[in-house]
Every structure is written in C-alpha cells, then in structure tokens.
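In: the amino acid sequence is not available; the structure is as follows:
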C-alpha cells in the first residue's frame, strides 16, 4: 500500500511540478489545459462538443459561425469593403464559476489496482471518466448555483451549475416549446403526438419545430442533430422491431434497423446519458460548449487512513455555453396520446 501511494503521489506531483500534493496547490495553466483535454477524450460525447480552455474567468463567447458572407464591392469608386460578422445573434458573456469534483478511492480499490503496471494511469483514468460523466449530467440537468449543494435532493446535480438546457430556458425562452407563454418551468403546454394529434409521431414534431424555431442561417447545417433520452429513442424503434415477423428476412431487417444510425425527423438522433425524458433538443453539436478556466484549477490529494481511503479534492472554474440560441430549439413535455 505504501509503495502504491508513493507512486501515485509522485506521479501527480511530477505532472504538476509540486513536491507535496497533500497540500493545496494551483494547477499550472499548461497542465490544466492537458487535463481538460484528457477529460474530453474520456467521453465520446464530450469529444463531439466544445471543451474550451479560457484564460479569463469571464468573457465573450466564441459563437459557431453562420450567415452568408459572400459579396463584392466596387473599390474603383473608393467604396469601402464591409466584412460581415460570422454570427448575428445577441452575444451572451460567459462567467466561469467554481465547481468541486471531489472523490475518493478506497484502500481496497487501491490494493486491487496496485499490481497493475500502469496503476497510476488507471487511477487517473477513473478520475477523468467520473468527471466527464458529471460534466454531461450537469449540462443537461443543471438549473441553479447553490452555495451548499445537496446530492440527495438533487441526484442529477441540478443545483451545481446552470447547464445548456437551463441557459436556453432563461436566456432564450422563445426557443423553448412545451410551456404556456411566459410560464416556462411552471405551467406545461404538452407537445402531444399520436394518431389523433397534429403530430402523428415524434418525427413530425421534430420537423415542425425545426422549421419553425431554428433560424434560416442555421437550419440547413449538416451537423444538426436531435439529442434525447435513451428511452425516447428506444420507444420509437421498439415499435418497428416489435412488428417484424418471424421470417429470417424480417428479423434481419429489424436487426439492421437497430444497429443503423438512428434518426428523428430526418436528423441524426443521439441518446445522451442523463438526458431528461419527454424532451428533445435540436441543435448542432458545435453549438454546445463548456468553458473551463486554465488558471482556476486547484487540487489536493490526501491520504486519509481514518476513512481507509485516498481523497482527491479538485475544483474547476467553468461555465456551460450555448453559442447561438437561434441554432437550437428545446422541446419539453412531450406526451404520447393514443
């Protein structure tokens, strides 16, 4: 055990340029940037969105680009060329706030890993994967910044940070469907679908809301997707598979449908961990960002024998950003009516 701990502390200390990791230390910005990259690489979903390292705690969001920029100016008449802005929606600043990512590793877990040749890397990978899942969970469920968070009352980290969906609800309510006007979060106006409804199925609901809410400069982007809950996507394809007969050709067709890329309303559909049920989010993946301040990362790794564990205390300054609200639409309170 002592040898394993020495190796672990040495690895962390060497990576951060500090002698004693059991005291609080500020992570060097260059190291923080590498750690941000490692967190991103530990999750397939985070690899498809933006995880951006920023120097300042607050600043201007980047945007995803859009709009038409081609043109011509007759400079022979001394007319001045006027470059067009890459995006034309109202800019919203980002403000990185502190979030703790504290976790522990029991002595039993350390004993199980200590014989591994890359023991220290296994511990680090476990840390990054846990952090990545927390980032995704907050992104789709976070609503408030509580001074003292309560994991029992808010098991999906609703009180840790304001995630992407909440940013849309609060900062761009005109891009939200499923609520009475001016009553987001209080009075639902279900988006109903079914044989007797205006929308016969989820595909129709996606097409209609995509056409109505997403700005013309973004609507035809080839990277537009539908984010949803695994159950929502499963319910759609279960009907197709369940109707397949026992013949080999029918069974094969059903299986091919299951392994193919899933779609809703002609857009690629992605079932995301921790995504709310009865909700769809139409957006380019490039529209979703996590801004993480390189100078705001602090850490301490302590041996706590009184609890039979190693404790990793770590904090980041971060913010969730929707780069262009006009490029997305959030559909909530979906309701199937038979």
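Out: Now that the structure is in, tell me what you want to look at. These figures come from a predicted structure and were not determined experimentally.
In: each with direction, which strands does the one helix or strand residue 321 maps to pair with?
Out: Element membership of residue 321 [criterion: DSSP states H and E] is strand 309-322. Sheet partners assigned to strand 309-322 using DSSP bridges are listed as strand 97-100 (antiparallel), strand 103-106 (antiparallel), strand 288-293 (antiparallel), strand 298-304 (antiparallel).
In: buried sites along the first one?
Out: By neighbour count on 16 or more other CB atoms under 10 Å, the buried set for strand 97-100 is 97, 99. C-beta: built from backbone N, CA, C; applies to glycine.
In: residues touching that strand, excluding its own?
Out: 138, 145, 160, 161, 296, 313, 314, 315, 316, 317, 318, 319 (CB atoms under 8 Å, 6 or more residues apart in numbering).
In: helix/strand/coil for the fourth one?
Out: Using DSSP: H, G, I helix; E, B strand; the rest coil, the three-state assignment for residue 161 comes out as coil.
In: redo the strands paired with strand 309-322 as TSV? Include distance to residue 236 and mean pLDDT.
Out: Shown next, in TSV, are these (distance: least, CB to CB, whole Å; pLDDT from 0 to 100):
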stretch	distance to residue 236	mean pLDDT
strand 97-100	35	96
strand 103-106	36	89
strand 288-293	23	96
strand 298-304	44	91
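In: just those: most buried one?
Out: strand 288-293 (a mean of 24; mean count of other CB atoms under 10 Å).
In: now the helices for the stretch 51-200 of the chain?
Out: Under the criterion DSSP state H, counting those that start in this stretch, helices of the stretch 51-200 of the chain are mapped to 107-113, 119-141, 164-171.
In: make that the stretch 201-338 of the chain, sorry
Out: Assigned by DSSP H, counting those that start in this stretch, the stretch 201-338 of the chain shows helices spanning 202-213, 216-219, 230-242, 248-259.
In: among those helices, which gets the worst mean confidence?
Out: Lowest mean pLDDT within these: helix 248-259, a mean of 45.
In: related to what we said a few turns ago, please name whichever of the strands paired with strand 309-322 is nearest to residue 132.
Out: Residue 132 lies closest, by CB to CB, to one member of the strands paired with strand 309-322: strand 288-293, at 10.3 Å.
In: who's in contact with the closest one?
Out: So strand 288-293 is contacted by 32, 36, 46, 49-57, 61-62, 94, 96, 135, 139, 164, 316-323 (CB under 8 Å, 6+ apart).
In: just for this structure, where's the confidence low?
Out: 1, 65-69, 84-92, 237-261 (pLDDT under 70).
In: quick one, what contacts residue 116?
Out: So residue 116 contacts residue 122 (CB under 8 Å, 6+ apart).
In: for residue 175, see how far away it is.
Out: Residue 116 sits at a distance of 48 Å from residue 175 (criterion: CB to CB, to the nearest Å).
In: over to residue 27?
Out: From residue 27 to residue 175 the distance is 36 Å (CB to CB).
In: likewise for residue 223?
Out: Distance of residue 223 to residue 175, computed by CB to CB: 18 Å.
In: give me the more crowded residue out of these two.
Out: Comparing residue 223 with residue 175 by other CB atoms under 10 Å, the one with more neighbours is residue 175, at 21 against 13.
In: I figured the more buried one hits residue 326, correct?
Out: Yes. The criterion here is CB atoms under 8 Å, and residue 175 meets it with residue 326 at 7.4 Å.
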